[in-house]
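K.L.:
I need the structure of the sequence given here:
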Amino acid sequence: MLKRSVPKLVSLPPLPEPFVHQIENPCDRRALFAGDGHGPFIDKLIAEAGIEMQAASGNIDDICRNIEQRIKSLHAEYKEIFHPGYMPVANLTYGIWCGTQTRLFYAYGPIVNNVGKNIIAGGPPVGYVTSGSGSDITNYIADRMQTNTALHTSEAIILAAYMLQQAVSHADGCGGDIHIAVLRNDGTTELIDVALANLVRMLKELDSQLGTLLLKGANWKFSDKSLDRIWEHLKTKIQKYKAVQNEIVGIFHRDEQEFQRLVREIAQKTKIKPKKN
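P.N.:
Numbering: from 1, shown residues only. From the prediction side, this is the model:
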């Protein structure tokens, strides 16, 4: 079998290159899509969803309703074209932003559900969904990490990176690069690639060592003094990991700022001035 690398995340409208943190937000609505299943059908669904998003009024309810109806109608249309049993499968996970609101949806074929529930009265919806051949592994890890509670965005990014890395390593059919995107309530979008490999490596290492600590803690023959020594060693290692990680992220941001400054400087110097009559 031949595997080829394809984009796993689609932003509508498209983000400027490179796909990094976008500060300015010239549009009044935005969507991020990821899918699993048959590529051509996924591409068609995303393209049609983009058309419906732009055609809707500037209200998030109308945008979500239009996209859901189009997903259903496309499945109904192609069901009449394909012979029974040959209908392509396409599942979409997508986030919508408009105004000051974001919503997350999962479309299992034509069945569209809003992801998340309010665990705090009046608070934002919290939830997650996994899809594809690695979902058994990612769901297992998510359950271990108690994701039914609200996580800070930075924590969710680290957890998502670890879940995806484990799925790529251990699930049949999973492979390729890891991509993580964040869609915020102000409409800005960010593709997370800041020292992602280091984040995953750190969490993987800590997970194995915490497992050892839990096993020793459950062993009634293991003394409290020995347990304290292991914990102090592990705590020191966590602090060292965090210090190294902060330095890596700091270097990345400094390099990125310098790069953007050079791009602006070159663009200013090469700007074409209109000729005077």
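K.L.:
could you use CA atoms for every contact and neighbour count after this?
P.N.:
Will do.
K.L.:
how does the protein divide up, domain by domain?
P.N.:
10-192, 196-269 (automatic domain parsing).
K.L.:
all helices of the protein, in order?
P.N.:
Taking DSSP state H as the test, the helices found in the chain are 39-55, 60-81, 135-144, 153-170, 196-218, 224-269.
K.L.:
could I get the average pLDDT for stretch 128-147?
P.N.:
Averaging pLDDT along stretch 128-147 gives 81.
K.L.:
report the distance from that stretch to the chain centre.
P.N.:
In this view, stretch 128-147 has its centroid 13 Å away from the chain centroid, taken as CA atoms, centre = their mean, to the nearest Å.
K.L.:
next, the buried residues of that stretch.
P.N.:
S131, S133, G134, S135, I137, T138, N139, I141, A142, T147 (16 or more other CA atoms under 10 Å).
K.L.:
again, but for stretch 68-80
P.N.:
If you call a residue buried by 16+ other CA under 10 Å, then stretch 68-80 has these buried ones: E68, R70, I71, K72, L74, H75.
K.L.:
how many neighbours does the closest residue to I238 other than its chain neighbours have?
P.N.:
Among residues not flanking I238 along the chain, L206 sits closest, at 7.6 Å (CA to CA, 6 or more residues apart in numbering). When counting by other CA atoms under 10 Å, one arrives at 17 neighbours for L206.
K.L.:
tell me which of the domains of the chain sits most buried.
P.N.:
Mean neighbour counts were compared across those using mean count of other CA atoms under 10 Å; the top stretch is domain 10-192, at a mean of 16.
K.L.:
pLDDT score for the residue lying closest to T189 once chain neighbours are set aside?
P.N.:
Leaving aside its chain neighbours, T189 sits nearest to L183 (4.7 Å; criterion: CA to CA, 6+ apart). For L183, the pLDDT comes out at 89.
K.L.:
then K117?
P.N.:
So, for K117, pLDDT stands at 67.
K.L.:
ditto for A107
P.N.:
A107 is given a pLDDT of 95.
K.L.:
contacting residues around the closest residue to it other than its chain neighbours?
P.N.:
Spatial nearest neighbour of A107, excluding adjacent residues (CA to CA, 6+ apart): L92 at 5.0 Å. Shown in contact with L92 (CA atoms under 8 Å, 6 or more residues apart in numbering): F33, A34, G35, D36, I42, Y106, A107, Y108, G109.
K.L.:
same deal with R254?
P.N.:
So R254 contacts nothing (CA under 8 Å, 6+ apart).
K.L.:
for Q260, see how far away it is.
P.N.:
Per CA to CA, to the nearest Å, R254 is found 10 Å from Q260.
K.L.:
picking that back up, and the pLDDT at the residue nearest to A107?
P.N.:
94.
K.L.:
over to Y86?
P.N.:
92.
K.L.:
got phi/psi on it?
P.N.:
phi -110, psi 10 (degrees, to the nearest 10).
K.L.:
returning to that earlier point: which of the buried residues of stretch 128-147 sit farthest apart?
P.N.:
Using CA to CA, the pair of the buried residues of stretch 128-147 lying farthest apart is S133 and T147, separated by 20.3 Å.
K.L.:
was I right to think A167 contacts Y140?
P.N.:
No: look at A167 against Y140 with CA atoms under 8 Å: they stay out of range, at 10.6 Å.
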